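J.: Please work out how this folds:
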Amino acid sequence: MNELHDNAVFLTGINNRLKSPISNDAILNELSQILSPSNVKADPKKNAHYRLGWRSGGGSALAVLFPQTLLQLWQSLEVCVASNAIIVMQAANTGLTEGSTPNGEQYDRPVVVINTLAIDKLYLIDSGRQVVSLPGATLHHLEKQLADVGRAPHSIIGSSCLGASIIGGVANNSGGALVKRGPAYTELSVFAQINEHGELILVNHLDIDLGDSPKAILTNLQNGDFVSEAISQSSKLASDKEYVERIRDVNADTPSRFNADRRRLHEASGCAGKLAVFAVRLDTYPIAEREQTFYIGTNGTKELAELRKKILSTFKNVPEVGEYMHRDIFDVSEKYGKDTFLSVLHLGTDQLPRMFSIKGRIDASLNKISWLPNAITDKCMQFFSSLFRQHLPSRLLAYRKEYEHHLILKMSDEGISEAEDFLSTFFSQSKTGSFFICDSNEAKRAYLHRFAAAGAAMRYHTMFQKDVGEILALDIALPRNQLDWFEKLPDDLSNQIDKKLYYGHFFCYVFHQDYILKKGSDAKQVKKRMLEILNDRGAKYPAEHNVGHLYEATSDLKDFYRDLDPTNTFNPGIGMMERTKRNCACCL
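T.: This next block holds a predicted model:
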């Protein structure tokens, strides 16, 4: 604990040792005075959208809070700590492992969810070479603002179109599709923590002078009063600067990235909601002058592995993107991701977060009406999307017919000619694969098709939920030296699965594997067998969506969480850890 706060600004706040219990009504009244009643939603019918996970999970909460400023967020935390309440931090709630909502009802204290999306400011510093992001700012917001200064964010993953927050990505070690940049990582942040004495403290590790009291620090941060000042370069990392070298090591017997990697667990980075993060400072990147997308198809998995190995080990220029899709997810995404594809294509990404939020609220309301069919909005959207004409280019469809495995490869600047020469030679004698150079329309649609894949798997499951079992979603990281990367399941396990859907970030060897189980299959037993097989292959999991409530945390991750949150007040139960308040100095 002491090591965490070397050179930190210590600001002792309220202590959670209560002289007498406080009623739920009293808690809500105090929070309403801070935030106004409209920003405290205690009615379960009105806050259900924020208590349910994007794919699964959810639970009860005393209230969902919507602070409008950093100071209101701090004051809300003070009330929660004084009231001995559990705190679940939430931004866009786009995670896939139930990590940003309550989970069930088995808690020993009242649960308060704090949604930070309204605090959405970000500030460019050092001529745009870095950004300071507040907790509600999204990747999409950052991408748009950086475009004006010729820079790009640390990630432009597809979920940014759904409103994924910057700090959410840092807190969950999110990776994304960009080969050169690795998981979101920084050692520069401002966060609140409850220490071993039960005291709420604010720590400024942003390496920016913001003042010497919580009010001063948070007000200056909220208003961006530091932007006009000369901000010195920090010796701390604001990105994973070792990642390109790491991913090029194709002979290593460990994965390139995964959530529990001790190298990239530091304060806000990887905290998974065990801290309340007020701001992070991150590097940005120059935009390439030219980009070119190559579409690759093959029926040989080892051919694709050899291609990956040669590109990473011999190319002077590392790819920008390398996204893999199996033929089965190609088909599912084509049919069941069509509405998402068309929405982004024709409406753009600006409207999509709002559309998904509205859809979530409608679903939460309609699901309470017993005589209506389940998932009526999904079924309506699926029907209307089927009325539109074919949306995928003819060459992509031709490759789908001919090849089982697909790779979307994007190169930039000098890497374009390097890739074209290599691919021409590599496939000139191939009997199992080929490639073509995409025009701008083909490239755009190929990426949109890949982006729609995750949601399409969910839509497929929704449409056939009466006929199939549960959906099991794994995201895994394979060792960098593995050539036999494509999964081969034993027959007894494969026979329990209706559909196996494989897609992912190929050069990172990070794969998303969604399994639609057959009716009657035991999802817990299937998952147990799956993880045993992955362990034998040397895989790490989860790779980029964090443990949430679906995976057991490793011993390293458990130690990290306990160090950040010794009283177990923030997000208890993640990683299948204990939910109860821990014995600590404040309880003695």
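J.: Hmm, residue 172 is touching residue 274, no?
T.: No. At 11.3 Å, residue 172 does not count as touching residue 274 under the criterion of Cβ atoms under 8 Å. C-beta coordinates here come from the backbone N, C-alpha and C atoms, glycine included.
J.: Show me which positions of stretch 27-44 end up buried.
T.: Judged by neighbour count (16 or more other Cβ atoms under 10 Å), stretch 27-44 contains these buried residues: 27-28, 30-32, 34-35, 39-42.
J.: Tell me which two in those are the farthest apart.
T.: 30 and 41 (15.5 Å; Cβ to Cβ).
J.: can you give me the strands for the stretch 101-250 of the chain?
T.: Secondary structure of the stretch 101-250 of the chain by DSSP state E, counting those that start in this stretch: the strands cover 111-115, 122-125, 130-133, 151-152, 189-194, 199-205.
J.: Which among those strands is found nearest to residue 57?
T.: Comparison of those against residue 57 by Cβ to Cβ identifies strand 111-115 as nearest, at 12.8 Å.
J.: Out of the strands of the stretch 101-250 of the chain, flag the one nearest residue 288.
T.: Relative to residue 288, the nearest member of these by Cβ to Cβ is strand 151-152, separated by 8.4 Å.
J.: next SSE after the helix or strand bottoming out on mean pLDDT in the chain?
T.: Least confident helix or strand of the chain, by mean pLDDT, DSSP states H and E, is strand 12-15 with a mean of 52. Downstream of strand 12-15, the first helix or strand assigned by DSSP states H and E is helix 24-35.
J.: then that next one to PDB, C-alphas only?
T.: Extracted in PDB, the C-alpha atoms of helix 24-35 (Å, rounded to 0.1, in the frame of the first residue of the first chain):
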ATOM      1  CA  ASN A  24     -31.400   3.700   2.900                       C
ATOM      2  CA  ASP A  25     -33.800   6.700   2.700                       C
ATOM      3  CA  ALA A  26     -31.200   8.900   4.500                       C
ATOM      4  CA  ILE A  27     -28.500   7.800   2.000                       C
ATOM      5  CA  LEU A  28     -30.700   8.600  -0.900                       C
ATOM      6  CA  ASN A  29     -31.700  12.000   0.600                       C
ATOM      7  CA  GLU A  30     -28.100  13.000   1.100                       C
ATOM      8  CA  LEU A  31     -27.100  11.900  -2.500                       C
ATOM      9  CA  SER A  32     -30.100  13.800  -3.900                       C
ATOM     10  CA  GLN A  33     -28.900  17.000  -2.200                       C
ATOM     11  CA  ILE A  34     -25.600  16.700  -3.900                       C
ATOM     12  CA  LEU A  35     -26.700  15.600  -7.300                       C
END
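J.: Give me the residues contacting that helix.
T.: The contact list for helix 24-35, computed with Cβ atoms under 8 Å, 6 or more residues apart in numbering, reads 40, 42, 62-63, 65-68, 72, 75-76, 79-80, 83, 85, 110, 112.
J.: now it against strand 111-115, angle please.
T.: Using axes from the mean of the first three to the mean of the last three Cα atoms, to 10 degrees, one finds that helix 24-35 and strand 111-115 are set 20 degrees apart in direction.
J.: so where's the stretch 151-300 of the chain shaky on pLDDT?
T.: Within the stretch 151-300 of the chain, the segments meeting pLDDT under 70 span 157-162.
J.: Narrow the contacts of helix 24-35 to those that are buried.
T.: Among these, those classed as buried by 16+ other Cβ under 10 Å are 40, 42, 62-63, 65-67, 72, 75-76, 79-80, 83, 85, 110, 112.
J.: Out of those, give me the two with the largest separation.
T.: Largest pairwise distance in those, by Cβ to Cβ, is 19.5 Å, between 72 and 110.
J.: and of the strands of the stretch 101-250 of the chain, who's closest to residue 406?
T.: Nearest of those to residue 406, taken as Cβ to Cβ: strand 151-152 at 25.1 Å.
J.: That closest one: how far from the chain's middle?
T.: Relative to its parent chain, strand 151-152 has a centroid offset of 20 Å by Cα atoms, centre = their mean, to the nearest Å.
J.: And the contacts of that strand?
T.: Strand 151-152 has contacts (Cβ under 8 Å, 6+ apart) with 128-129, 143, 146, 284-287.
J.: Looking at the buried ones among the contacts of helix 24-35, which are in helices?
T.: Among the buried ones among the contacts of helix 24-35, the members falling in helices (DSSP state H) are 72, 75-76, 79-80.
J.: how far away is the spatially closest residue to residue 436 that is not a sequence neighbour from residue 456?
T.: Once flanking residues are discounted, residue 436 sits nearest to residue 295: 5.5 Å by Cβ to Cβ, 6 or more residues apart in numbering. Residue 295 sits 19 Å away from residue 456, going by Cβ to Cβ, to the nearest Å.
J.: need the buried residues of stretch 27-44 in TSV with pLDDT and distance to residue 431, can you?
T.: What follows is those, written out as TSV (pLDDT from 0 to 100; distance: Cβ to Cβ, whole Å):
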residue	pLDDT	distance to residue 431
27	96	69
28	97	69
30	96	72
31	98	67
32	97	70
34	97	68
35	98	65
39	98	63
40	98	65
41	97	61
42	97	65
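J.: Next, format those residues as CSV and append distance to residue 436.
T.: Shown next, in CSV, are these (distance: Cβ to Cβ, whole Å):
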residue, distance to residue 436
27, 61
28, 60
30, 63
31, 58
32, 60
34, 59
35, 55
39, 53
40, 56
41, 51
42, 57
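J.: Let me see the ranges of the strands in the stretch 301-450 of the chain.
T.: For the stretch 301-450 of the chain, the strands defined by DSSP E, counting those that start in this stretch occupy 321-326, 405-412, 433-437.
J.: How many neighbouring residues does the nearest residue to residue 283 once chain neighbours are set aside have?
T.: Of all residues not flanking residue 283 in the chain, residue 239 sits nearest, at 4.0 Å (Cβ to Cβ, 6+ apart). Counted with other Cβ atoms under 10 Å, the neighbours of residue 239 add up to 19.
J.: give me every residue that touches residue 239.
T.: Taking Cβ under 8 Å, 6+ apart, one finds 154, 181-182, 185-186, 282-283 in contact with residue 239.
J.: gap between it and residue 568?
T.: Counting by Cβ to Cβ - residue 239 and residue 568 are separated by 31 Å.
J.: Residue 459 too?
T.: Separation of residue 459 from residue 568 (Cβ to Cβ) stands at 37 Å.
J.: can you pull up the bridge partners for residue 511?
T.: Counting by DSSP bridges, residue 511 is bridged to residue 476, residue 504.
J.: Could you verify my assumption that it touches residue 324?
T.: Yes. Contact criterion Cβ under 8 Å: residue 511 and residue 324 qualify, at 7.4 Å.
J.: and for those two, which residues touch both?
T.: Any residue near both residue 511 and residue 324 by Cβ under 8 Å, 6+ apart counts here, and that gives 502-505.
J.: about what we covered before: I'd like the ones in helices among the buried ones among the contacts of helix 24-35 as JSON lines, with pLDDT appended.
T.: As requested, those are exported to JSON lines (pLDDT from 0 to 100):
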{"residue": "72", "pLDDT": "98"}
{"residue": "75", "pLDDT": "98"}
{"residue": "76", "pLDDT": "98"}
{"residue": "79", "pLDDT": "97"}
{"residue": "80", "pLDDT": "97"}
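J.: Those into CSV, with extra columns for distance to residue 471?
T.: As requested, these are exported to CSV (distance: Cβ to Cβ, whole Å):
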residue, distance to residue 471
72, 38
75, 40
76, 35
79, 38
80, 34
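J.: Between the residues you listed, which sits nearest residue 393?
T.: Closest approach between those and residue 393, by Cβ to Cβ: residue 72, at 48.7 Å.
J.: Fine by me, we can end here.
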